[in-house]
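>>> sequence plus predicted model, see below.
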Amino acid sequence: MSLSNVVANNAMMGVHKNNPGIGNGNKSQDNDTGKGGSDTDNNAETTEQKTHYQYVLAIVNPLAGETGTSGYITENLVSFFGEERVVLLNKDLFADPAPLHEAIRKYAVRYMSDEEEEEEETKGTEVDVRLPTDAVDDRGTVFVSGGDGTVSYIMDQMDAVREIVEKEVGNNARGEATPRGKPIFPALAVLAFGTGNDFSNCVGFGRGYSRGGKCGPLCKEDLIEHYVQKALTARSTPFDRWVMQVVPMSVACRQNERAQQGDGGEEEEPQSPDGQKSSVTQGGLHDLFIDWDALTDDPDCKIYRFINYVSVGFDAYVTHRFSTFRKNNPKFCSKRWRNKAVYCCFSFRAAVSCSPLKGCVPSVWVSESTCGEGGYVSPAGSGSHMTNVQLPSGSKTLMLTNVTSYAAGTKPWNAGSGKLYRKGSSKSTASITPVCVNDRKLEVQTHSGLIHMGMMQMNAGKGANKISQTNDVIFFVSCCPEDIYKGKHQQPPAREGEGKQSKMSLEGAADNLKKESKESVSLYVQLDGEPIMIITTPSIVRIRELRTPRVYVRCLNEDVLLESPSEEGTEGEGA
C-alpha cells in the first residue's frame, strides 16, 4: 500500500535533533575536511546560510532507499536549513502528526501583509538566487526527501495544514486578510531516494538521488546544495490528485433499493461532490443512482488516494507477488540486482497465469467532459456525460496514469503516435494531448502483457493502447450495470437519444460476463507502485479527481505543465 496506508507499521515522524548520530556526523565531516574555526565563526556561518532559505521545511523519510543515503541527505539538509527546519519521519509522530502540522505552519506557510505584497511586486530580480522570484512562487516550500509514498503522505498533511489555517481565518474565507496577513500555502519540492520515484521523474527531479551525486540532470557535484537551489527556485503549479472508490455490487444494490423505497416510492437523487443533485453515472449507464459520498463510511467499501497511477491486472499481479516475496525474504532482497531478478521471474509467471481482462473488466465508462481553452477539463459534476468504451480484446493491464512515468520509469503514453482505441467502425473525435500534471485529466490505457510492457520500457512502438483522457472513470468488475436491478421486475429506463453503440456494448459485456464464474474473480490492484488489494467479489470501481484544493508542487519539467490551467477551478484554490 502507499505510505499513508502502510507506514503506520513502519515509521513516521520525529524532529531531527532527537537523532544524536546526525550531530556527530556533522562534526566529523568538519574535522575530515580540515574546516576548523571557532564555534562563533561556525554559528555565524550557519546563521548566514539559513537566512537564504526562508519559508522552507525539510521532511526526510529515513526508511526510503538506502540508510546511508538518507543519513547523508539529512546531514546536508541540516547544514542548509538548520536542525529546527528538518523533520525525520518516525512512528511516534505518525500517531500524532500535530507537531508536523505545526512545523509546516511555522516554517513554510507565508503570511503576507498588503505592504509586503506590494514590496514583492517591486523587488524585480535583485534577490538571492535561492529564493522564489516570480509572483506565482511567493509561496514557501516543503522539501520532501523519500519515495512516492512519502510524497503522497506529505501532500495529505499539507491538506490538513490548509484546513487548520482556514479555520483561523474563518470558514469559507480562504485567502482573506487576517491580523497575521494573507496565508500563502507552500509548494512541495522533492529529493527522491525511494524505489519507484515516478513523481520525481515526471516533474524533472530525476529518478532518485545517490551518494555519487547522480540524481538526474541536476546534481553535478557530490554535494546536494546545487540540487536544493534548483528545487527551491523551480516553478510552482497546482498538482492533480485522484481518489479510487471500490464498492461491492451487493452494497450498491442495497443502496439503490433503499433509494427506490424512499418518500412516496420515488427515487432519491444523491448529492454529487459539488452539491449538485444529479446522477453521477449518466449516458450509457442509464439512470443508475449511486450516492458515492454516502458510501465513504461503509466498512465494505474501500477508498484510496493516489498521485501517480492505479492499475489492475498483469502489472498489479507482479507487484503483489514481488512485494510478498520481498517481505518474506528481506535478506535476499537487500540487493537491487536481486530484486530485479525476482521481479523478472514474477513477470514471466504472470505472462502465463494472467488472463486478459475481457472476462472481468470488458469495458470502462469515461466522462466526456466539456473542455475549456488549452485542453483544461472542467471538474466532475460540470455537465459530464459517461460513455462506454470496450477494451482491446488482448488487454491484460488497465492503467490510469496521472504522470508521465509508470512503474519506475516506463513512459506508456505517447501523444504523438496512435489514436484512441475504439472497437469496430466507431471513432473518437477527441484529440490526444501530452500528459500534464495540472490539466485535471487521467490517461486511461491498456497493454497486453509481458512483450508489450517490454516494448514500452525500450521506447519501441506506439506505447500503450490509448482509451481516453478524462477526469472520471467507472468500471464494473465481474458485473454489469443491470446487476444493480437484480431481483426487481423493472428494467433500467433507456435515456432518450441513447445510441445503439452503447446498448450493444452493454449487451456484449453482459454476454462476456456470463461465460465467467463470478465466484472466481481475482483482480489484483496496485496504486503508485504498491499492492493495494485483490478484488474477489463483483464490484464497481470509480476513479475521479480528489475534491479538495490542489496542493502546489515545484516542477522543473515544463513539458508536463499546462499553461494557464485556470487555477481557481476548485473552490478555494489559488493561495
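Structure received.

>>> mind listing what's buried along stretch 410-418?
Neighbour counts over stretch 410-418 (16 or more other C-beta atoms under 10 Å) mark 410-414 as buried. Every residue, glycine included, has its C-beta placed from N, CA and C.

>>> so which of the residues you listed belong to helices?
Under the assignment DSSP state H, the buried residues of stretch 410-418 contribute nothing to helices.

>>> dump the residues you listed to CSV, plus distance to residue 90 and pLDDT.
CSV is the format used below for those (distance: C-beta to C-beta, whole Å; pLDDT from 0 to 100):
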residue, distance to residue 90, pLDDT
410, 33, 91
411, 35, 92
412, 36, 94
413, 37, 95
414, 42, 89
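
>>> according to the record, where do the domains of this protein fall?
Domain ranges of the chain: 3-238, 242-250+254-549, per automatic domain parsing.

>>> what's the end-to-end length of stretch 442-452?
21 Å (C-alpha to C-alpha, to the nearest Å).

>>> again with stretch 388-406
Start-to-end span of stretch 388-406 (C-alpha to C-alpha) is 25 Å.

>>> is the closest residue to residue 395 other than its chain neighbours bridged to anything, and to what?
Counting by C-beta to C-beta, 6 or more residues apart in numbering, the nearest residue to residue 395 once its immediate chain neighbours are dropped is residue 446, at 3.8 Å. Counting by DSSP bridges, residue 446 forms beta bridges with residue 398, residue 465.

>>> for the stretch 251-400 of the chain, what are the low-confidence residue spans?
Within the stretch 251-400 of the chain, the stretches with pLDDT under 70 are 262-289, 369-384.

>>> after the strand or helix carrying residue 316, next one along is what?
Secondary structure from DSSP states H and E places residue 316 in helix 314-328. Next along the chain after helix 314-328, taking DSSP H and E as the criterion, comes helix 336-353.

>>> give me the contacts around that next one.
Helix 336-353 has contacts (C-beta atoms under 8 Å, 6 or more residues apart in numbering) with 314, 317-318, 321-322, 325-326, 332-333, 449-450, 453.

>>> would you map the helices across the stretch 201-350 of the chain?
Here the stretch 201-350 of the chain has its helices, by DSSP state H, counting those that start in this stretch, at 225-232, 249-260, 314-328, 336-353.

>>> in the last one, what counts as buried?
Same thing as helix 336-353. 339, 342-343, 346-347, 350.

>>> same check, this time on the shortest one
The neighbour-count criterion (16+ other C-beta under 10 Å) identifies 227-232 as the buried residues of helix 225-232.

>>> pick the one among those residues closest to residue 296.
residue 231 (35.1 Å; C-beta to C-beta).

>>> isn't that closest one right up against residue 187?
No - the pair residue 231 / residue 187 is not scored as a contact, 9.9 Å apart, by C-beta atoms under 8 Å.

>>> ok, back up a step: farthest pair within the contacts of helix 336-353?
Greatest spacing in the contacts of helix 336-353, by C-beta to C-beta: 332 and 449 (26.6 Å).

>>> between these two, which has more neighbouring residues?
Higher neighbour count among residue 332 and residue 449: residue 449, with 20 against 13, using other C-beta atoms under 10 Å.

>>> quick one: contacts for the closest residue to the more buried one other than its chain neighbours?
Once flanking residues are discounted, residue 449 sits nearest to residue 396: 4.3 Å by C-beta to C-beta, 6+ apart. Contact analysis of residue 396 by C-beta under 8 Å, 6+ apart lists 313-314, 354-357, 446-449.

>>> for residue 396, give its distance to residue 354.
5 Å (C-beta to C-beta, to the nearest Å).

>>> distance check, residue 399 against residue 482.
According to C-beta to C-beta, residue 399 stands 27 Å off from residue 482.

>>> with residue 313 instead?
24 Å.

>>> higher neighbour count, the two?
Counting neighbours by other C-beta under 10 Å for residue 313 and for residue 482 shows that residue 313 has the greater number, 26 against 16.

>>> so who does the more buried one touch?
Contact partners of residue 313, counting by C-beta under 8 Å, 6+ apart, are 354, 357, 361, 395-398, 523-524.

>>> can you tell me which of those residues is closest to residue 439?
Closest approach to residue 439 among the contacts of residue 313 (C-beta to C-beta): residue 398, at 20.7 Å.

>>> so residue 473 touches residue 402, yeah?
No - at 12.0 Å, residue 473 does not count as touching residue 402 under the criterion of C-beta under 8 Å.

>>> what sits in contact with each of those two?
Common neighbours of residue 473 and residue 402, using C-beta under 8 Å, 6+ apart, are residue 442.

>>> which one of those two is surrounded by more residues?
Between residue 473 and residue 402, counting by other C-beta under 10 Å, residue 402 is the more crowded of the two (27 against 24).

>>> so that one makes contact with residue 244?
No - counting by C-beta under 8 Å, residue 402 does not reach residue 244; the two are 11.7 Å apart.

>>> shared neighbours of those two, anything?
Shared contacts of residue 402 and residue 244, defined by C-beta under 8 Å, 6+ apart, comprise residue 306.

>>> give the contact list for residue 555.
So residue 555 contacts 203-204, 234-237, 437, 561 (C-beta under 8 Å, 6+ apart).

>>> out of everything not next to it in sequence, what's closest to residue 445?
Closest residue to residue 445 apart from its sequence neighbours, by C-beta to C-beta, 6+ apart: residue 464 at 3.8 Å.

>>> the one you found: neighbouring residues, count only.
28.

>>> hang on, the earlier thing: ok, of the contacts of residue 396, which come out buried?
Buried residues within the contacts of residue 396, counting neighbours by 16+ other C-beta under 10 Å: 313-314, 354, 356-357, 446-449.

>>> looking at this structure, which helix is longest?
Ranked by number of residues, the top helix in the chain under DSSP H is helix 148-169.

>>> can you spell out which helices and strands pack onto the next helix or strand after it?
Counting by DSSP H and E, the next helix or strand C-terminal to helix 148-169 is strand 182-184. With contacts taken as 3 or more C-beta pairs under 8 Å, 6 or more residues apart in numbering; DSSP states H and E, strand 182-184 sits against strand 110-112.

>>> let's see 10 Å
Packed against strand 182-184 by the contact rule (3 or more C-beta pairs under 10 Å, 6 or more residues apart in numbering; DSSP states H and E) you find strand 110-112, helix 114-121, helix 148-169.

>>> columns mean neighbour count, distance to residue 542 and mean pLDDT on top of the ones you listed, output as JSON lines?
Shown next, in JSON lines, are these (neighbours: other C-beta atoms under 10 Å; distance: least, C-beta to C-beta, whole Å; pLDDT from 0 to 100):
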{"stretch": "strand 110-112", "mean neighbour count": "18", "distance to residue 542": "36", "mean pLDDT": "85"}
{"stretch": "helix 114-121", "mean neighbour count": "12", "distance to residue 542": "41", "mean pLDDT": "64"}
{"stretch": "helix 148-169", "mean neighbour count": "21", "distance to residue 542": "19", "mean pLDDT": "93"}
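
>>> right, and those - which one's nearest residue 88?
Residue 88 lies closest, by C-beta to C-beta, to one member of the helices and strands packed on strand 182-184: helix 148-169, at 11.5 Å.

>>> and for residue 315, the neighbour number?
By the measure other C-beta under 10 Å, the count of residues near residue 315 is 26.
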